[in-house]
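Engineer: Provided below are the primary sequence and the corresponding predicted coordinates.
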Amino acid sequence: MAVRLEMHVAGRIEDYALIGDMQTAALVCRDGTVDWLCLPRFDSHAVFAGLLGTEEHGFWRLGPAYAPQEQPPTAARRSYRGDSLVLESEWDTPRGTVRVIDFMPPRDTDAPQLIRIVEGVSGRVPMRSALRMRFSYGRVVPWVHKVDHRTVAVAGPDSVWLDTDAETYGKDLTTYSDFTVAPGERIAFTISWQPSHKGQPALPEPEASLTATEDFWREWVEHCTYHGPYREAVIRSLITLKALTYAPTGGIVAAPTTSLPEDIGGSRNWDYRFTWLRDAAITLSSLLRTGYREEARAWREWLLRAVAGDPENLQIMYGIAGERELGETELDWLPGYEGSQPVRAGNGAAHQLQLDVYGEVTEALHLAHMTGLARNDYASLLQLKLIRYLEDHWDEPDEGIWEVRGPRRHFVHSKVMAWVAVDRTIKLLESGDADGPLEKWRELRDDIHRDVCEKGYDPERNTFTQSYGSKELDASLLLIPQMGFLPPDDKRVIGTIEAIQRELSTPDGFILRYPTSGDEENLDGLEGDEGAFLACSFWMADDLAMIGRVDEARKLFEKLLALRNDLGLLAEEWDSAAQRQVGNFPQAFSHVPLIDTALRLTASGAYGG
């Protein structure tokens, strides 16, 4: 049968599976195509960038061969092997059934590997591997040649080595392999990255690596202390968060992708391959609540190195090793996911003023302290320095939690989180584990609280507002009771929850972050709209449970669980009109509140079945 590789078009965001080694990650589509992989780190240049371009920008398809007039067949079934990050995809073809096992072994060396094992299940299935490596986000065609029966692609500082027992050949600047697999046969393909100035990387051992990878994940999951009714969803979210952790430093990326759009075809496309203090802090909280103290300790150490005693110049995000310069550029040779431009690398929001991060970091340090994480005197010193900075700056306008690119404002959420920072530090002093001006900071806490209640509350509508003097709402206000700023039964809290339900809900009941258009001009400084923000929808479920509407909270939570793809993964947002996931994927800021809401509903007994 004649076979050829059809032009590959990137799938829907939810069509992708995540595999990774806790230093980088790949996205694998339902048709067996790896469309995204950065080597050797999350924030490195992509070797496969087809996700944001075309097949010309790099991909690796491995699956059943198909006729010229056909499209690449999609897998009939796919799943992770148990509680792991080992992906299995199965195709049923007229010739038989075949399975492909995809994974990236956790590594201690500088040679990341992506291993793909083809296994015959029944019949004799013709297969094809098509590997098109393009360096520098698809812009650079490497020199591909053979060295000691190994295929290597070299461009500048990078080399990628292909190892397989199958015969390979080159055509149209692509490396192919055509073969047939019978029941019980297993044929492995491995690519390994190596700095081009070094020698060959070690020969891979695919079967041994598969066993070691499964063992790693099984042993890691055993530490989870949650055994409630939502365990499957919680475990998958925890595995995803672990996969987004850069093991050498403890830094946690917000997502392993850049420029997956919040608005298909629009310009709301950002690079999320960095460590936001906010995202990492809430991730730390979820890990601590589910028994993962070592990850929490590693993140705290990352924080102390990144901030380096300089709270006056605290950034909202850093590189995964604590880098400060994250300059934003546009990759204009990439057409973008479904035409969504520009494609960005780096993030210009790094130097914004977002006062809420002081609260999130302090809350994380407080929780670490309360859960018995070994004391670190410098962590306590940092916390005190953060409050001394807030003493002089809490009443300034900022860009807020959503990193608006419009004018600075007095965002209510930012003020509430400044209050949280002071409140948690007061608790540290009251515990006797640090010294500071206790009475002075109690007065500061009261001043911030009074300021928010007077200037950030609309008594006519009985709701807090997005910013001082604004009429607009903001879903971040849902955190007011969760942070302890006001009790859940306060009429202002209930009024805010109900106002957000009325004004920021989509037709299918999910929650928008804020209105992207309205009576006020230039709400966020950006063009276009966006989908429902999944974290905000989980926050709503939390709040509903806190005010006693637990059945409503459970129903919303289970609707949110139904938005996950078949592998349990969530992007940043949900497009209610198109009924699809949008934004970078998978997104830590979606999986963290999923865990938190599951814990809250389990504690309240608010679950079905």
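Structural biologist: Okay, I see it.

Engineer: what are the ranges of the strands in the stretch 251-400 of the chain?
Structural biologist: Applying DSSP state E, counting those that start in this stretch to the stretch 251-400 of the chain gives strands spanning 251-252, 275-276, 317-318, 329-330, 344-345.

Engineer: just the stretch 1-150 of the chain next, same as before
Structural biologist: 17-20, 25-28, 33-38, 46-48, 59-64, 77-80, 87-93, 96-103, 113-123, 125-132, 143-147, 150-155.

Engineer: remind me which residues of this protein are low pLDDT?
Structural biologist: Low-confidence regions of the chain, defined here as pLDDT under 70, cover residues 1-8, 110, 309, 311, 405, 516-529, 606-609.

Engineer: what about the helices in it?
Structural biologist: Counting by DSSP state H, one finds helices in the chain at the ranges 135-138, 206-221, 231-243, 277-289, 293-307, 356-370, 377-393, 412-430, 438-455, 479-482, 491-503, 534-546, 550-561, 588-604.

Engineer: hang on, the earlier thing: how about the strands of the stretch 251-400 of the chain in CSV, adding mean neighbour count and distance to residue 531?
Structural biologist: Where C-beta positions appear, they are placed from N, C-alpha and C, glycine not excepted. Converted to CSV, the strands of the stretch 251-400 of the chain look like this (neighbours: other Cβ atoms under 10 Å; distance: least, Cβ to Cβ, whole Å):
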stretch, mean neighbour count, distance to residue 531
strand 251-252, 26, 23
strand 275-276, 30, 20
strand 317-318, 26, 22
strand 329-330, 13, 23
strand 344-345, 20, 19
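
Engineer: contacting residues for the closest residue to residue 560 other than its chain neighbours?
Structural biologist: Residue nearest to residue 560 in three dimensions, not counting chain neighbours: residue 537, with 5.6 Å by Cβ to Cβ, 6 or more residues apart in numbering. Residues counted as contacts of residue 537 (Cβ atoms under 8 Å, 6 or more residues apart in numbering) are 510, 511, 556, 560, 574.

Engineer: next one: residue 457
Structural biologist: Here residue 457 is in contact with 463, 464, 465, 492 (criterion: Cβ under 8 Å, 6+ apart).

Engineer: Now render these as a markdown table, adding neighbour count and distance to residue 473.
Structural biologist: Shown next, in a markdown table, are those (neighbours: other Cβ atoms under 10 Å; distance: Cβ to Cβ, whole Å):
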| residue | neighbour count | distance to residue 473 |
| --- | --- | --- |
| 463 | 23 | 7 |
| 464 | 27 | 8 |
| 465 | 21 | 7 |
| 492 | 17 | 13 |
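
Engineer: ok so, going back, now the helices of the chain in JSON lines, with distance to residue 339?
Structural biologist: As requested, these are exported to JSON lines (distance: least, Cβ to Cβ, whole Å):
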{"stretch": "helix 135-138", "distance to residue 339": "16"}
{"stretch": "helix 206-221", "distance to residue 339": "36"}
{"stretch": "helix 231-243", "distance to residue 339": "28"}
{"stretch": "helix 277-289", "distance to residue 339": "28"}
{"stretch": "helix 293-307", "distance to residue 339": "36"}
{"stretch": "helix 356-370", "distance to residue 339": "33"}
{"stretch": "helix 377-393", "distance to residue 339": "41"}
{"stretch": "helix 412-430", "distance to residue 339": "33"}
{"stretch": "helix 438-455", "distance to residue 339": "42"}
{"stretch": "helix 479-482", "distance to residue 339": "35"}
{"stretch": "helix 491-503", "distance to residue 339": "31"}
{"stretch": "helix 534-546", "distance to residue 339": "24"}
{"stretch": "helix 550-561", "distance to residue 339": "28"}
{"stretch": "helix 588-604", "distance to residue 339": "24"}
